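Engineer: what follows is a predicted structure for the sequence shown.
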Amino acid sequence: MKHPIFLLGILIQESKQRNFLLKSILIGLIYLIFALILFDYRTYESVISQGYSFAAKLNICWIIFIGSFSILGIRDSILVIIISLLFGVNLELVLRKLKFLKKRGGLHITFGAGLLSLVAAGCASCGLSFASVLGIATMISLLPFHGLELYILSILILLTSLLANLQTLVVVCKLK
């Protein structure tokens with residue numbers, strides 16, 4: 001594996017090309033929106049099932065969405081935003097790699113790694129929501145740092161995935 005400083009240089013080099021940052025931020029924003037909706041999906045479901053007008057439902061859902069940041073708190077909001085940005089960068093790297101390999105005819109080589117990168121990207125708020133769907137949310141309250149471990153684990157997985165994606169980008173695209 002290449003040195004992480006070298007891979008950081010490759011990331012900076014890639015970020016200067018073809019709207020990489022804009023696409024990464026947009027993907028991260030979409031991820032953040034879905035994560036916040038998933039965080040409180042039962043409330044959205046309840047509002048949508050009520051007999052309000054479409055405009056009223058949209059307004060109430062917007063208020064709930066904006067209020068999600070106050071529910072999460074500053075620390076959790078910052079961590080979810082970091083995870084969203086890391087997800088955006090990872091997905092953009094995977095998409096670039098897939099596009100490059102499609103042109104070269106070697107798409108089958110990296111499809112598994114790209115899929116693994118997408119699966120590895122998860123956030124603690126999604127994990128908490130998923131856990132509540134399964135009825136095991138009380139287990140999370142028993143964790144010593146009350147879910148902070150899940151955020152840290154998600155960030156570590158995303159950083160590892162980012163390094164692996166950069167490494168394969170260097171190998172596949174023959175970057176120097």
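Structural biologist: That came through, no problem. None of the values given here were measured: they were computed from a predicted structure.
Engineer: quick check: mean pLDDT across stretch 50-67?
Structural biologist: Averaging pLDDT along stretch 50-67 gives 91.
Engineer: list the contacts of that stretch.
Structural biologist: By CB atoms under 8 Å, 6 or more residues apart in numbering, the surrounding residues in contact with stretch 50-67 are 33, 36-37, 40, 43-44, 47-48. Backbone N, C-alpha and C define where each C-beta goes, glycine included.
Engineer: I'd like to know which elements the host helix or strand of Leu93 is packed against.
Structural biologist: Counting by DSSP states H and E, the element that carries Leu93 is helix 74-104. Here helix 74-104 touches helix 4-15, helix 20-39, helix 107-120, helix 124-134, helix 148-173, going by 3 or more CB pairs under 8 Å, 6 or more residues apart in numbering; DSSP states H and E.
Engineer: kindly report which one of those carries the lowest mean pLDDT.
Structural biologist: helix 107-120 (a mean of 47).
Engineer: report back the residue of this structure that's furthest from centre.
Structural biologist: Distance from the centre of the chain peaks at Gly51, with 33.7 Å (CA atoms, centre = their mean).
Engineer: and what about that one, helix, strand or coil?
Structural biologist: Secondary structure, DSSP: H, G, I helix; E, B strand; the rest coil: Gly51 is coil.
Engineer: from Phe65, how far out is it?
Structural biologist: According to CB to CB, to the nearest Å, Gly51 stands 21 Å off from Phe65.
Engineer: try Asn90
Structural biologist: Taking CB to CB, one finds Asn90 at 24 Å from Phe65.
Engineer: between the two, which one's more packed in?
Structural biologist: Taking other CB atoms under 10 Å, Asn90 and Phe65 do not tie; Asn90 has more neighbours (26 against 16).
Engineer: ok, now how distant is the more buried one from Ile48?
Structural biologist: 31 Å.
Engineer: list the buried residues in stretch 9-23.
Structural biologist: Residues of stretch 9-23 classed as buried: 10-11, 14, 20-21, 23 (neighbour count, 16 or more other CB atoms under 10 Å).
Engineer: export those to TSV and tack on distance to Leu158?
Structural biologist: Compiled in TSV, the buried residues of stretch 9-23 are given as follows (distance: CB to CB, whole Å):
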residue	distance to Leu158
Ile10	17
Leu11	13
Glu14	17
Phe20	17
Leu21	17
Lys23	17
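Engineer: mind telling me the two of those residues farthest from one another?
Structural biologist: The distance between the two most remote of the buried residues of stretch 9-23 (CB to CB) is 16.7 Å, for Ile10 and Lys23.
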